[in-house]
Structures are given as C-alpha cells and as structure tokens.
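J.: A predicted structure for the sequence below; I have some questions about it.
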Amino acid sequence: MNLELYFAPGACSFVPHVALEVVKAATGQAFEAKLVKLHKGEHQTPAYLALNPDGQVPVLMAMGKPLTQIVAICDFLDRSFPQAGLLPTEPWARAQALSELAWMNNTAHPTFTQVFRASQFAASESAQAEVKKIAAARFRQHLEQIQGWIETRKNAAQAYWQGARITCHDAYAFTLLRWGGYAGIDPQSLPSYTAYVERVMAAPPVAAALERERIKLDTYKAA
C-alpha cells in the first residue's frame, strides 16, 4: 500500500506520524512523510486545499485518496494493519479506547486552540487575554485528567497507554503535554504524566518521529 503523511512539526499530525512508525516496525509497511510548512502558508495553497479543504494537518494519502481527522486515520491504520496493535480488538475495549482518543481530539485539543489562537475567539487584546487565561486553566484540568488515567495504568503495570505497545494514545498524550508548555504549564508539575511521557519518548517508533520532526518536550519557559 502506498502511504503518504502530510505533517507539520509539533502539530497533532504527530499522532498518525507515530502510528505509521509503529505500523512500519510491526509490518515493514513503508510510508512517505511530507513536511507542510505552516509558517509559510503551505496548508493554504490550492494544491493542499484540494486534499483537505479545511487547510489542516494531518492528511493521510492511502491508495491515492486523502483521509483527514486523527481518529479516522488511526482507525483506518488499525484496521489495515491489525498486527501493529494500535487499538484493542475486543469490542468494548476498542470502544473505550476510541472514546479516550476522541476526547483528546475534540475536548483537550480544542481547548488548547483557544490558548494558542485566542484571536480567533475574541477581537480586542484584553478579551483575547481573558480567553487565553480561562482556556489555559481548563487545559491544565485536561492534563490532570490524563495524568489520572496514566496513574491508573501505572497501577495496572502498563508501560504505555494500551499496555506493552506504543499506540496513537501515547503520541497524543505526548503532544498535549508538550503543548502545555505554551500555556505556561510546567510539565514537572505533573510528575506522573511527565515520567510516562519520557518513557514514551524513548520508544523507537516515537523516537523516530521526534527525530524527523526535530521536536522535544521543551516548550515550557519559566517566567
């Protein structure tokens, strides 16, 4: 199968980026990583908008057809390459895993958008500052919720989110904690979460994606 991933460094496209590395390690299925330079507006070019009219990453090209949205991409990769173990096979466990992944994508992620792009939600600078302040506090609550899930898994002796294998959840958990630095959240204030993410970052599929994107857990700057 011919697979191409359009990604931007540090964006949510890191999730399917890691998933594809997991698939590659498990099955030998190669993929082409295609860099989209957001700061140069490459996501707004006619050629890119033909793939995703929303002008967002990620886009997965599979068999010459574009697929967008993280949950859909992860589901497609799991169904296409079940050997990779990206999602549980038992129906209820799979539904629960998809519920958690969807929550990361449609609850935690949009909250951070209000921090990072407050100008999309308010006109004046003072209103934008208020939006950012409220959203940052809410985002902190989301990270604390993720830390609670991580601690439950630690008590169950799970190395990663779904057990012994890296999955989309691990990549999203890393991404959200990294974004927390932009919201003024020190990762060291979430010790269980940070220890888990450091373990995730050392896993070969994640390390490969980190190297290609040239990113680290280094976004927090002390005031």
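T.: Noted; the coordinates are in hand.
J.: contacts for stretch 115-124?
T.: 113-114, 128-132, 135-136, 139, 179, 182-183 (Cβ atoms under 8 Å, 6 or more residues apart in numbering). (C-beta placed from N, C-alpha, C; glycine too.)
J.: following element in sequence after the helix or strand harbouring Glu4, please.
T.: For Glu4, the element it lies in under DSSP states H and E is strand 3-7. In the C-terminal direction, the helix or strand that comes right after strand 3-7 (DSSP H and E) is helix 14-27.
J.: can I get that next one in PDB? Just the C-alpha atoms.
T.: Output for helix 14-27, consisting of C-alpha atoms alone and laid out as PDB, is shown next (Å, rounded to 0.1, in the frame of the first residue of the first chain):
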ATOM      1  CA  PHE A  14       2.500  13.700  15.300                       C
ATOM      2  CA  VAL A  15      -0.200  11.200  16.300                       C
ATOM      3  CA  PRO A  16      -0.500   9.400  13.000                       C
ATOM      4  CA  HIS A  17       3.200  10.000  12.400                       C
ATOM      5  CA  VAL A  18       4.000   7.800  15.400                       C
ATOM      6  CA  ALA A  19       1.200   5.300  14.400                       C
ATOM      7  CA  LEU A  20       2.800   4.900  11.000                       C
ATOM      8  CA  GLU A  21       6.200   4.300  12.600                       C
ATOM      9  CA  VAL A  22       4.500   1.600  14.800                       C
ATOM     10  CA  VAL A  23       3.000   0.000  11.600                       C
ATOM     11  CA  LYS A  24       6.400   0.100   9.900                       C
ATOM     12  CA  ALA A  25       8.100  -1.600  12.800                       C
ATOM     13  CA  ALA A  26       5.400  -4.300  13.000                       C
ATOM     14  CA  THR A  27       4.800  -5.000   9.400                       C
END
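J.: circling back to that earlier point, and the contacts of stretch 115-124, which is closest to Ala30?
T.: Top of the list for closeness to Ala30, among the contacts of stretch 115-124 and by Cβ to Cβ, is Trp179 at 29.2 Å.
J.: look up how far His17 lies from that closest one.
T.: Taking Cβ to Cβ, to the nearest Å as the measure, Trp179 and His17 are separated by 15 Å.
J.: ok, Asp218 next?
T.: 18 Å.
J.: okay, and the closest residue to Leu177 other than its chain neighbours sits in which element?
T.: If the residues on either side of it in the chain are set aside, Leu177 comes closest to Val197, at 5.3 Å by Cβ to Cβ, 6 or more residues apart in numbering. Assigned by DSSP H and E, Val197 belongs to helix 191-202.
J.: in that helix, what's buried?
T.: Within helix 191-202, the residues that count as buried by 16 or more other Cβ atoms under 10 Å are 193-194, 196-197, 200-201.
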